[in-house]
Structure formats: structure tokens, C-alpha cells
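Student: Fold the following.
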Amino acid sequence: MTLKRDVAEGRLFIPETDLAQHGVSREQLLEGRVDESMKRLLWKQTIRAKNAFALAEPLALELPRRKAGAFKRWWLGALEVLHEIRRREYDVWTRPVALSGRSRMQVRIQARFGRTTFRSRG
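Tutor: Just a heads-up that it's a prediction; the model follows:
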């Protein structure tokens, strides 16, 4: 979400091997030149993030009910941010990635009432 700033400040959380594999340079990341190679690279990174979230999901079962609810809201909100990045065709440079009020409300409703793979405590 802060890719341009991170790269400018010397932080890069995308493996160098992925950059080379997709033919994307640090300069291209800094400038935000989105082409098909960049989209494939960022698609791969969002898939990695989703996989990491999937691995973290069972943590909610180890938390007290109140904290599990907060975790669930955060978890669903973060997944929605990844969806927003995809909807924007991976353009994280033009404007900050932020959820609309409607999206935030949907996350709260889903966290409270929706069915997810979080199992209820018996």
C-alpha cells in the first residue's frame, strides 16, 4: 500500500528474484510504471499475502472471544484491501489505497454476522 514510499526509503518487501523473474526494476516500482509485467508481479505478491492470511486464520480460535472479534475485523479488512488493490489493477501509486465507508461497513457486518471459516466457540 505504500510501495513508492517504501522503495524510496530503501525498504522493499518483494524478493529480488521476483523482480528479476518479472523484469521489473526498483526504478519502475518507484515511478509506478504499471505494465503487464508489473501487474503479474503484484498479482503474485497479493496471492502470497492471501496465503499468509489463510495461514493466520486459525489464530482466532486461540483468542478470547472479544479479541477474536477484533482479529476477525482486521483479517477481513486486510483481505478487502487486497481486493481493492486488484480492483484498481494494482495501481498503488495514483492515490492511497483505502477502503470506502461502504466497504468498511460491509467488513464490520460480515465480521459480526457473516459466515466465514471461523468456527464458533461451543
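Student: On the three-state scheme, the residue nearest to the spatial centre of the chain is what?
Tutor: Most central in the chain under CA atoms, centre = their mean is residue 82, positioned 3.6 Å from the mean C-alpha point. Of the three states, residue 82 takes helix under DSSP: H, G, I helix; E, B strand; the rest coil.
Student: Run through the neighbouring helices and strands of whichever strand or helix holds residue 66.
Tutor: Assignment of secondary structure by DSSP states H and E places residue 66 within helix 65-87. Applying 3 or more CB pairs under 8 Å, 6 or more residues apart in numbering; DSSP states H and E, one finds that helix 65-87 makes contact with helix 36-56, helix 101-113. Any C-beta I mention is one placed from the backbone N, CA and C, and that applies to glycine too.
Student: now the angle from it to helix 36-56?
Tutor: Between helix 65-87 and helix 36-56, the angle comes out at 170 degrees (axes from the mean of the first three to the mean of the last three CA atoms, to 10 degrees).
Student: which parts of helix 65-87 are buried?
Tutor: In terms of neighbour count (16 or more other CB atoms under 10 Å), helix 65-87 has its buried residues at 68, 71-73, 75-82, 84-85.
Student: Relative to residue 34, which of those is nearest.
Tutor: Each of those was checked against residue 34 using CB to CB; the closest is residue 85, at 11.5 Å.
Student: still on that earlier bit, spatially, what comes nearest to the residue nearest to the centre of the chain if we skip its sequence neighbours?
Tutor: residue 46 (5.1 Å; CB to CB, 6 or more residues apart in numbering).
Student: ok, the one you found - how many residues close by?
Tutor: When neighbours are counted by other CB atoms under 10 Å, residue 46 registers 15.
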